[in-house]
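*Asks:* based on what follows, work out the 3D shape:
(one chain, ligands or ions: 1)
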Amino acid sequence: MAKPVVIVLSIIALNVFYTAFAFGPIPLQDFCVADPTSSTRVNGLPCKDPATVQADDFFFSGLHLPGNTTNPFGAALTPVTVTQVPGLNTLGLSIARLDFAASGFIPPHTHPRATEILVVLEGSLEVGFITTNPGYKNFNKVLEKGDVFVVPLGLVHYQRSVGTGNTVAIAALNGQNPGIIAVPSAVFGAEPAINSDYLAKAFLLDKKIVEELQAKF
Ligand SMILES: *[C@@H]1O[C@H](CO)[C@@H](O)[C@H](O)[C@H]1NC(C)=O
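*Replies:* Residues are numbered from 1 along each chain as shown. The predicted structure is shown next:
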């Protein structure tokens with residue numbers, strides 16, 4: 001093969017190699033416990049001096065406690081991300097407890113930085129995610145105790161309790177700070193507000209209804 005062709009092929013091969021490792025890179029040290037007092041701006045959080053790191057930096061207690069579901073959603077999220085456990089910094093992982101009263105729900109939302117896997121510990125929970133291909137297909141299941149479901153990275157999804165009692169689930173996410181964008185709040189609660197004529201056209205709604213929704217969010 002001519003040299004330039006070999007070089008081009010090598011570059012393509014390298015790109016494929018690096019793309020395959022775009023998620024879950026191997027850390028460059030045992031840990032990089034977040035130092036929340038540092039003013040350095042990096043992607044993630046700067047590391048504490050390893051000599052000052054303690055077991056408590058990797059510890060959280062409280063996921064046995066139900067969240068307070070006395071709110072308009074009838075649901076509560078107890079997150080354990082890098083904010084609660086600084087030792088999660090750079091490790092691409094977090095966990096959360098979800099509590100639902102009967103008929104409780106979490107509005108359609110996305111985690112821009114994580115895939116989610118959840119297991120139901122108690123109750124019945126409908127979970128669904130919406131895809132780009134096939135377009136706008138709702139992949140959904142009703143999960144019972146012990147059932148597990150995966151929501152792929154970035155897709156809009158929802159959870160809705162369909163049991164008569166309380167529902168409890170534990171979700172693991174492959175991001176230290178997965179983020180959450182609730183679709184209703186992003187659309188109707190953005191500040192400054194998104195133009196209401198535009199939203200009325202986009203949602204095929206009367207402008208008055210859009211303005212009512214914007215006032216509520
Ligand atoms: C749960 O939240 C409601 C509404 O904010 C509050 O009135 C109530 O005291 C809370 N319950 C507990 C046990 O914290």
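*Asks:* let me see the mean pLDDT of stretch 116-123.
*Replies:* In this model, stretch 116-123 has a mean pLDDT of 98.
*Asks:* for it, buried residues please.
*Replies:* 116, 118, 120, 122-123 (16 or more other Cβ atoms under 10 Å). Just so you know, the C-beta spots here come from the backbone N, C-alpha and C atoms, and that holds for glycine as well.
*Asks:* can you redo those residues as a markdown table with secondary structure and distance to residue 64?
*Replies:* Putting these into a markdown table (DSSP: H, G, I helix; E, B strand; the rest coil; distance: Cβ to Cβ, whole Å) gives the following:
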| residue | secondary structure | distance to residue 64 |
| --- | --- | --- |
| 116 | strand | 21 |
| 118 | strand | 17 |
| 120 | strand | 16 |
| 122 | strand | 12 |
| 123 | coil | 16 |
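*Asks:* got the residues you listed as TSV, with distance to residue 168 columns?
*Replies:* Output for the buried residues of stretch 116-123, formatted as TSV (distance: Cβ to Cβ, whole Å):
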residue	distance to residue 168
116	16
118	11
120	7
122	4
123	6
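*Asks:* quick one: which of those residues is nearest residue 207?
*Replies:* residue 116 (35.6 Å; Cβ to Cβ).
*Asks:* is that closest one in contact with residue 169, as I believe?
*Replies:* No: applying Cβ atoms under 8 Å as the test, residue 116 and residue 169 come out as separate, 10.4 Å apart.
*Asks:* from residue 198, how far off is the residue nearest to the spatial centre of the chain?
*Replies:* The chain has residue 111 as the residue nearest its centroid, 3.1 Å off, counting by Cα atoms, centre = their mean. From residue 111 across to residue 198, the span is 26 Å (Cβ to Cβ, to the nearest Å).
*Asks:* quickly find the element holding residue 210.
*Replies:* Secondary structure from DSSP states H and E places residue 210 in helix 207-216.
*Asks:* for the residue nearest to the centre of the chain, list the residues it contacts.
*Replies:* 151, 153-154, 173, 175, 178-181 (Cβ atoms under 8 Å, 6 or more residues apart in numbering).
*Asks:* how close does it sit to residue 173?
*Replies:* Taken as Cβ to Cβ, the span from residue 111 to residue 173 is 6 Å.
*Asks:* ditto for residue 210
*Replies:* Counting by Cβ to Cβ - residue 210 and residue 173 are separated by 33 Å.
*Asks:* would you map the strands across this structure?
*Replies:* Using DSSP state E, the strands assigned to the chain run over residues 75-80, 94-100, 105-110, 116-122, 125-130, 138-143, 148-151, 157-161, 167-173, 181-182.
*Asks:* give the pairing partners of the last one; include direction for each.
*Replies:* If I follow you right, that is strand 181-182. strand 105-110 (antiparallel) (DSSP bridges).
*Asks:* quick one: low-confidence parts of the chain?
*Replies:* 1-25 (pLDDT under 70).
*Asks:* one more pass at 90, please.
*Replies:* Applying pLDDT under 90 to the chain flags the ranges 1-29, 36, 41-44.
*Asks:* tell me how it divides into domains.
*Replies:* If you go by automatic domain parsing, the domain ranges for the chain are 88-178, 180-217.
*Asks:* output these as a markdown table; include the columns distance to residue 78.
*Replies:* As requested, the domains of the chain are arranged in a markdown table below (distance: least, Cβ to Cβ, whole Å):
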| stretch | distance to residue 78 |
| --- | --- |
| domain 88-178 | 4 |
| domain 180-217 | 13 |
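*Asks:* cool, thanks, signing off.
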